[in-house]
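>>> Build me a model:
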Amino acid sequence: MKNRLLCLFSTTTLALACTLGAATAHAQASTPPKTLRIVPHADLKVLDPTFTTAYITRNFGYMVYDTLFAMDTHSKPQPQMVEKYEASDDKKTWTFTLLPGLKFSDGQPLTTADVIASLERWSARDNIGQAITRAGGKWEALDDTRFKLTLTQPFDMVLDGLAKVSSYPAFILPKRLASQPATRPLTEVVGSGPYVFKRDEWVPGSKIVFEKNPHYIGPKAPADGLSGDKTPHIGRVEWRVLPDSNSATAALTNGEVDMIEQAPADYIDALRANKNVKIGVLERAQGYIILNQSMPPFDNPKARQAIAHLVDQDKFTAAMGYPDDLRMKYCATVFICGGPNDTTAGSAPYAKPDPALAKKLLAEAGYKGEKLAILLPTDLAYLNSATLVAIQALQDIGVNLDIQSMDWATLTARRARKETLDKGGWNIFLSAASEFNVDSPISNTYLGAVCGNSLPGWPCDKKLDELREQWIAATSSDERKRVLDQFQERAYEVFPAISIGQYSRAFAAHNSLKNADKIWSLPNLWVLDK
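Numbering: from 1, shown residues only. A predicted model of the protein is given here:
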């Protein structure tokens, strides 16, 4: 009898354990995976970050692609897809070895053939890539994991180029995609970054979805800025497109989203007062007026100087809505005030607006009241407000404007069109660039005035380009500073773009979001957890 009771008790206990185990397993299986929901600064339309400088496409690129080198939080390039590298003493030969086992998100091996094709496509678009080519640079695969760069001239900025943060990062694609011309945007997405793009869940204008890339391999170093191991803490990310600032901030405070990538400038103070929200600075930035230099009147430097004489930086940045602690009233450099290349050379004539001189110069440039198309973004409040300031200043001196309103995604597609106005062309739009696209003659996207470039506005000035090459080739700090001042003086003569002031972007995150203090410069979402 005793043995029978023991047996019965044991059987009952086992059954109970099995029942409880099954219930626990069912509960775990029914628990939805963690999902990170953020509001991006714009809708996504172009999927190819080597085709456009639009930041939303760049951010998309960092989700699905990886780079050979990446910037850490000290703005130093660190090996990312590269296991080891070395440079010859004369900086004319560079050799690299890839991390072992790299794969694309479709499971195919990533080899140096993919790397070379990607770098050649990148070099066709990027300032630094083009500078490497002009220095005699040739990329060559040594085997499936080793490749080299040989140059006819010394070039000590190779790693800075391969780790370039923005416009255009040197993302690595499969050879079959990278071999396609950079003049046409790619629509297929296969990368080796931390996430996979879920095209089947993409709802343009509403939602962009990513899931953890099961084939991702990163360096052993911990995540630091854009460098290090990018293995995500959260397996699913949803970009929720909410162009209306009220809707975005309400969604954040109600816990419907976890983060707003770029907090609306005029909502920052209110969000700071919310105990459930934290505000963090992304990076310093400059606003710009971009003029179409492929057609009159802005093919004439006098017309561009005229627009520069209308700029009151304090008025522009105040209109953007940024709090005083996040903006400067005046910045004299075409680079970043407080950055390594801060200089006032050539800026004095433009320190204060002079509408009378602006009107005179515009007339001397041949402007006779023709209609000029200015593009007004409707979904980026800070650029909308800045553009309205520009519209008022232009109309005050008699410029005949055709104001065309559109969302930012449509604007970025429109600005790439080098057409006359009757065929969908344009004359003026406003934009902004982060410090990584501003802070030197080689990284400053809109000062890359290489004739024949593909930048919106199509700036072209041989002298400015020659000074940029001299700055790259300078071998001493004194020589580089001398050329830097000459470069800025020339920029203030020909104005490839016109600065409207410096400010700092900010993000807003719900307090439930972990590691938000590790966000750096752009939304490196793989560091976040919930």
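
>>> What number of residues are in the vicinity of residue 358?
Number of residues near residue 358 (other C-beta atoms under 10 Å) recorded here: 23. C-betas here are computed from N, CA, C, even on glycine.

>>> And the contacts of the helix or strand containing it?
Per DSSP states H and E, residue 358 falls inside helix 355-364. Here helix 355-364 makes contact (C-beta atoms under 8 Å, 6 or more residues apart in numbering) with 297, 302-303, 305-307, 309-310, 393, 396-399.

>>> and if we set it to 7 Å?
Outside helix 355-364, the residues within contact range by C-beta atoms under 7 Å, 6 or more residues apart in numbering are 297, 302, 303, 305, 306, 307, 309, 310, 396, 397, 398.

>>> now swap in stretch 57-72 and tell me
Here stretch 57-72 makes contact (C-beta under 7 Å, 6+ apart) with 40, 44, 46-49, 77-82, 159, 162-163, 165-167, 169-173, 189, 191-197, 210, 224-227, 522-524.

>>> can you give me the strands for the stretch 251-400 of the chain?
Secondary structure of the stretch 251-400 of the chain (DSSP state E, counting those that start in this stretch): strands at 259-260, 277-291, 372-377.

>>> What's the ChimeraX line that selects buried ones from the contacts of stretch 57-72?
The buried residues among the contacts of stretch 57-72 can be selected in ChimeraX (16 or more other C-beta atoms under 10 Å) with this line:
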select :40,44,46,47,48,49,77,78,79,80,81,82,159,162,163,165,166,167,169,170,171,172,173,189,191,192,193,194,195,196,197,210,224,225,226,227,522,523,524
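
>>> Among the contacts of stretch 57-72, which are located in helices?
Secondary structure defined by DSSP state H assigns 159, 162 of the contacts of stretch 57-72 to helices.

>>> related to what we said a few turns ago, just the strands of the stretch 251-400 of the chain: most buried one?
Across the strands of the stretch 251-400 of the chain, averaging neighbours per residue (mean count of other C-beta atoms under 10 Å) puts strand 259-260 on top, at a mean of 26.

>>> what residues are up against residue 460?
Contact partners of residue 460, counting by C-beta under 7 Å, 6+ apart, are 293, 449, 451.

>>> Buried members of the contacts of helix 355-364 into PyMOL, please.
The following PyMOL line selects those of those that are buried, judged by 16+ other C-beta under 10 Å:
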select buried, resi 297+302+303+305+306+307+309+310+397
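
>>> which of the contacts of helix 355-364 sit farthest apart?
Spatial extent of the contacts of helix 355-364 (C-beta to C-beta) is set by the pair 302 and 396 at 18.7 Å.

>>> mean confidence score for stretch 180-199?
Across stretch 180-199, the average pLDDT comes to 96.

>>> Report how far apart the opening and closing residues of that stretch are.
21 Å (C-alpha to C-alpha, to the nearest Å).

>>> distance between it and the chain's centre?
Its chain's C-alpha centre and that of stretch 180-199 lie 16 Å apart, by C-alpha atoms, centre = their mean, to the nearest Å.

>>> try stretch 486-504
20 Å.

>>> Same question for stretch 471-487.
On the basis of C-alpha atoms, centre = their mean, stretch 471-487 is displaced by 27 Å from the centre of the chain it belongs to.

>>> mind listing what's buried in it?
For stretch 471-487, a neighbour-count test (16+ other C-beta under 10 Å) marks 471, 472, 473, 480, 483, 484, 486, 487 as buried.

>>> Report the contact partners of the nearest residue to residue 290 once chain neighbours are set aside.
Leaving out its chain neighbours, the residue that sits closest to residue 290 by C-beta to C-beta, 6 or more residues apart in numbering is residue 457, at 4.6 Å. Listed by C-beta under 7 Å, 6+ apart, the contact partners of residue 457 are 290, 291, 292, 293, 497.

>>> Equivalent analysis for residue 285, please.
Here residue 285 is in contact with 432, 433, 434, 435, 503, 504, 505 (criterion: C-beta under 7 Å, 6+ apart).

>>> about what we covered before: list the buried residues of the helix holding residue 358.
Across helix 355-364, burial judged by 16+ other C-beta under 10 Å covers 358, 359, 361, 362, 363.

>>> Show me which pair in the residues you listed is furthest apart.
358 and 363 (9.9 Å).

>>> Distance of the residue most central in space within the chain relative to residue 291?
Centroid check for the chain by C-alpha atoms, centre = their mean gives residue 55 as the closest residue, at 3.8 Å. Distance from residue 55 to residue 291, counting by C-beta to C-beta, to the nearest Å: 20 Å.

>>> the strands in the stretch 51-200 of the chain, which residues?
Under DSSP E, counting those that start in this stretch, the stretch 51-200 of the chain gives strands at 69-71, 77-79, 82-87, 93-98, 138-141, 146-150, 195-197.

>>> I meant to write the stretch 401-530 of the chain there.
Assigned strands in the stretch 401-530 of the chain, in chain order: 401-406, 428-434, 498-510 (criterion: DSSP E, counting those that start in this stretch).

>>> Out of those strands, flag the one nearest residue 330.
For the strands of the stretch 401-530 of the chain, the distance to residue 330 is smallest for strand 498-510, at 7.4 Å, taking C-beta to C-beta.

>>> how deep is residue 452 tucked in, by neighbour count?
Count around residue 452 with other C-beta under 10 Å applied: 6.

>>> Chain neighbours aside, what residue packs nearest to it?
Residue 452's closest residue in space is residue 460 (C-beta to C-beta, 6+ apart), at 7.4 Å.

>>> mind listing what the residue lying closest to residue 337 once chain neighbours are set aside touches?
Excluding its sequence neighbours, the residue lying closest to residue 337 (C-beta to C-beta, 6+ apart) is residue 331, at 4.1 Å. Residues counted as contacts of residue 331 (C-beta under 7 Å, 6+ apart) are 313, 337, 501, 502.

>>> what would these look like in JSON lines with distance to residue 491?
Putting the contacts of residue 331 into JSON lines (distance: C-beta to C-beta, whole Å) gives the following:
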{"residue": "313", "distance to residue 491": "16"}
{"residue": "337", "distance to residue 491": "15"}
{"residue": "501", "distance to residue 491": "16"}
{"residue": "502", "distance to residue 491": "15"}
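
>>> Between the residues you listed, which sits nearest residue 414?
Once C-beta to C-beta is applied, the member of the contacts of residue 331 that ends up nearest residue 414 is residue 501, at 24.3 Å.

>>> Can you give me the neighbour number for the nearest residue to that closest one once chain neighbours are set aside?
The spatially closest residue to residue 501, leaving aside those adjacent along the chain, is residue 313, at 3.6 Å (C-beta to C-beta, 6+ apart). A total of 24 residues lie near residue 313 under the criterion other C-beta under 10 Å.

>>> Hmm, residue 498 and residue 313 touching each other?
No - assessed by C-beta atoms under 7 Å, residue 313 is found out of contact with residue 498, at 10.5 Å.

>>> ok, now how distant is residue 175 from residue 48?
Taking C-beta to C-beta, one finds residue 175 at 16 Å from residue 48.

>>> let me redo that: residue 464
From residue 464 over to residue 48 the distance is 28 Å, taken as C-beta to C-beta.

>>> same deal with residue 171?
Here residue 171 is placed at a distance of 10 Å from residue 48 (C-beta to C-beta).

>>> same thing with residue 305?
35 Å.

>>> give me the number of residues near the closest residue to residue 420 other than its chain neighbours?
Closest residue to residue 420 apart from its sequence neighbours, by C-beta to C-beta, 6+ apart: residue 295 at 6.9 Å. If you count neighbours by other C-beta under 10 Å, residue 295 ends up with 15.

>>> Give me the distance between residue 295 and residue 424.
For residue 295 relative to residue 424 (C-beta to C-beta), the value is 13 Å.

>>> got the contact list for residue 339?
Neighbour list for residue 339: 435, 439 [criterion: C-beta under 7 Å, 6+ apart].

>>> Pull the CA coordinates from stretch 293-303 and hand them back as PDB.
The C-alpha atoms that make up stretch 293-303 are tabulated as PDB, following Å, rounded to 0.1, in the frame of the first residue of the first chain:
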ATOM      1  CA  GLN A 293      23.200  76.900 -60.300                       C
ATOM      2  CA  SER A 294      22.400  75.000 -63.600                       C
ATOM      3  CA  MET A 295      20.200  77.800 -64.800                       C
ATOM      4  CA  PRO A 296      19.700  81.600 -64.500                       C
ATOM      5  CA  PRO A 297      19.700  83.500 -62.400                       C
ATOM      6  CA  PHE A 298      21.700  81.500 -59.900                       C
ATOM      7  CA  ASP A 299      24.300  80.400 -62.400                       C
ATOM      8  CA  ASN A 300      25.700  83.900 -61.800                       C
ATOM      9  CA  PRO A 301      27.700  84.200 -58.500                       C
ATOM     10  CA  LYS A 302      26.300  87.800 -58.000                       C
ATOM     11  CA  ALA A 303      22.800  86.300 -57.700                       C
END
